[in-house]
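> Sequence and computational prediction follow.
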Amino acid sequence: MLLAAPLVAVGDPGSGTSIFRPASSNALAVHRYSLFVLGITGAIFAVVFTMLVVALVRFRRRPGDDAAEPPQVYGSEQVEVAWTVIPVLIVIVLALTTARTVFEVQDRAKPAGALEITAVGRQWWWEFRYPQLGIVTANELHIPVSDAAHPAPTFLKLQSADVAHSFWVPRLAGKTDLIPNRVNETWVDPHEPGLYVGQCAEYCGTQHAKMLLRVYVHTRVDFDRWVEDQRASSAAGEAVAAGRRVFETTACLNCHTVRGTVGNGLYGPDLTHLMSRETIAAGSVPNTPDQLRAWVRDPNRLKPGALMPAMQLDDHKLDALVSYLLALR
């Protein structure tokens, strides 16, 4: 029930987070294994429940039964062999199937030219780096679709900047942990374009529940267009020079990067193309002018426990800064 429960995410078009709707080879392997285990455990439940019902009905006390204790039977070699051998065989089958699924997922060969992405878990947002493309973005992962004729798997290196996190997009891949001072890996080869939602699946602090992520799967043409847009310089220009000055003269630049400015902070998300994202606050709210202004004014009102401080700007500076951020497309 937990795995099949839908995730409430801003703008979720209904892709859901059910492992029973796999859209990637990685998730399909997990799906097949889940159905196999469910079938075995379901059969065990049916047998045990049936025996329990039979025992309750057949051996219940009836009127006229004397109060004497019924005959006692001590030991049965047949029963003892059955309840020993059958569970051992079941455990062996489950262990072999588990090992096969683990190797199927972990031993995927990386083809030449495969897209490589580094996903960094932070309290409480996601940073996605594309080292081959020179792109850094946050909370929204963009990857190309992979079809049978032109396989294009995406390989992710998973790192943590602080505590333990976990990358989990149920329709694309199984849960993989991000551990401090360790690099884990996973991969996806989505079969259909669309939006797939996920979240951190390892408790990581007060805002764990709102550490959401969105995976946009594009056709190759659309993905190349997105890459081109992300590589371009920010279009802010001098039209919002006052807001840029606010950004460069407050603590904003200590945490955030905007290419083309003196801001090169790494603690917070890269804001170079902020308005190309549909959400802010790790998917908690839509990226609209009003929500962006409320977020800059006091992040804790939208996301209690957020580490971003309220900058205590007056209305004039706040309006200028928001105008600048709205121009970062």
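Now that the structure is in, tell me what you want to look at.

> what's the longest helix along the chain packed up against?
For the chain, the helix with the greatest residue count under DSSP state H is helix 25-58. When contacts are defined as 3 or more Cβ pairs under 8 Å, 6 or more residues apart in numbering; DSSP states H and E, helix 25-58 packs onto helix 77-106, strand 173-178, strand 184-188. The way it works is simple: take the backbone N, C-alpha and C, and place the C-beta from them, glycine included.

> what comes into contact with the last one?
Spelled out, that is strand 184-188. Strand 184-188 is contacted by residues 24, 26-27, 105, 108, 110, 143, 153-158, 167, 169, 172-174, 176-178, 215 when judged by Cβ atoms under 8 Å, 6 or more residues apart in numbering.

> same deal with stretch 98-115?
Stretch 98-115 is touched from outside by 25-26, 29-30, 32-33, 130, 132, 143-144, 151-155, 174, 186-187, with contacts defined as Cβ under 8 Å, 6+ apart.

> Report the buried members of those.
25-26, 29-30, 33, 130, 143-144, 152-155, 174, 186-187 (16 or more other Cβ atoms under 10 Å).

> Report the separation between Val105 and Gly174.
Note on Val105: its distance to Gly174, by Cβ to Cβ, to the nearest Å, is 7 Å.

> Next, show the common contact partners of the two.
Asn26, Val30, Thr186.

> can you pull the contacts of the closest residue in space to the first one that isn't next to it in sequence?
Using Cβ to Cβ, 6 or more residues apart in numbering and skipping residues adjacent in sequence, the residue nearest Asn26 is Ala173, 4.5 Å away. Contacts of Ala173 were listed using Cβ under 8 Å, 6+ apart, and they are Ser24, Asn26, Ala27, Val30, Phe167, Thr186, Trp187, Val188.

> got TSV for those residues, with distance to Ile92 and pLDDT too?
As requested, the contacts of Ala173 are exported to TSV (distance: Cβ to Cβ, whole Å; pLDDT from 0 to 100):
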residue	distance to Ile92	pLDDT
Ser24	29	92
Asn26	25	89
Ala27	26	92
Val30	21	91
Phe167	31	95
Thr186	28	93
Trp187	29	93
Val188	31	93
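
> Domain map for this protein?
For the chain, the structural domains run 1-61+108-230, 237-326, going by automatic domain parsing.

> Give the buried residues for stretch 148-168.
Under 16+ other Cβ under 10 Å, the buried positions of stretch 148-168 are 152-160, 163, 165-168.

> ends of that stretch, how far apart?
Its start and end residues considered, stretch 148-168 measures 24 Å (Cα to Cα, to the nearest Å).

> can you check stretch 60-68 too?
Span of stretch 60-68 from end to end, Cα to Cα: 14 Å.

> Please apply the same query to stretch 184-200.
Stretch 184-200 stretches 15 Å from its first residue to its last (Cα to Cα).

> Now do the buried residues in it.
Buried residues in stretch 184-200 (16+ other Cβ under 10 Å): 184, 186-191, 194-200.

> okay if I get those as TSV plus distance to Ser323?
Below are the buried residues of stretch 184-200 laid out as TSV (distance: Cβ to Cβ, whole Å):
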residue	distance to Ser323
Asn184	41
Thr186	39
Trp187	41
Val188	37
Asp189	41
Pro190	37
His191	41
Gly194	33
Leu195	29
Tyr196	33
Val197	30
Gly198	33
Gln199	32
Cys200	32
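
> farthest pair in the residues you listed?
Asn184 and Gly194 (25.6 Å; Cβ to Cβ).

> and the helix or strand containing Phe223, what other elements does it pack with?
In this assignment (DSSP states H and E), Phe223 forms part of helix 220-231. Counting contacts by 3+ Cβ pairs under 8 Å, 6+ apart, helix 220-231 is packed against strand 135-138, strand 140-144.

> any residues touching the last one, and which ones?
Identification of contacts with strand 140-144 by Cβ under 8 Å, 6+ apart yields 115, 117, 119, 126, 128, 152, 154, 188, 190, 213-220, 223, 226, 277-279, 283.

> Same check on the first one?
Contacts to strand 135-138, defined as Cβ under 8 Å, 6+ apart, come from residues 125-130, 227, 230-231, 257, 269-270, 272-273, 277.

> What residues of that strand count as buried?
Ile135, Val136, Thr137, Ala138.

> Any idea how many residues pack against Thr206?
Counted with other Cβ atoms under 10 Å, residues neighbouring Thr206 total 14.

> Likewise for Gly265?
Gly265 has 16 neighbours, counted by other Cβ under 10 Å.

> nearest to Ser76, of the contacts of Ala173?
After measuring the contacts of Ala173 against Ser76 - Cβ to Cβ - the closest member comes out as Val30, at 40.1 Å.

> Please name the nearest non-neighbouring residue to that closest one.
Excluding the flanking residues, the one nearest Val30 by Cβ to Cβ, 6+ apart is Gly174, at 4.6 Å.

> Equivalent analysis for Glu192, please.
That would be Ala23: by Cβ to Cβ, 6+ apart, it lies 5.5 Å from Glu192.

> Val102: how many residues sit nearby?
With other Cβ under 10 Å as criterion, Val102 counts 13.

> Fine, thanks again, bye for now.
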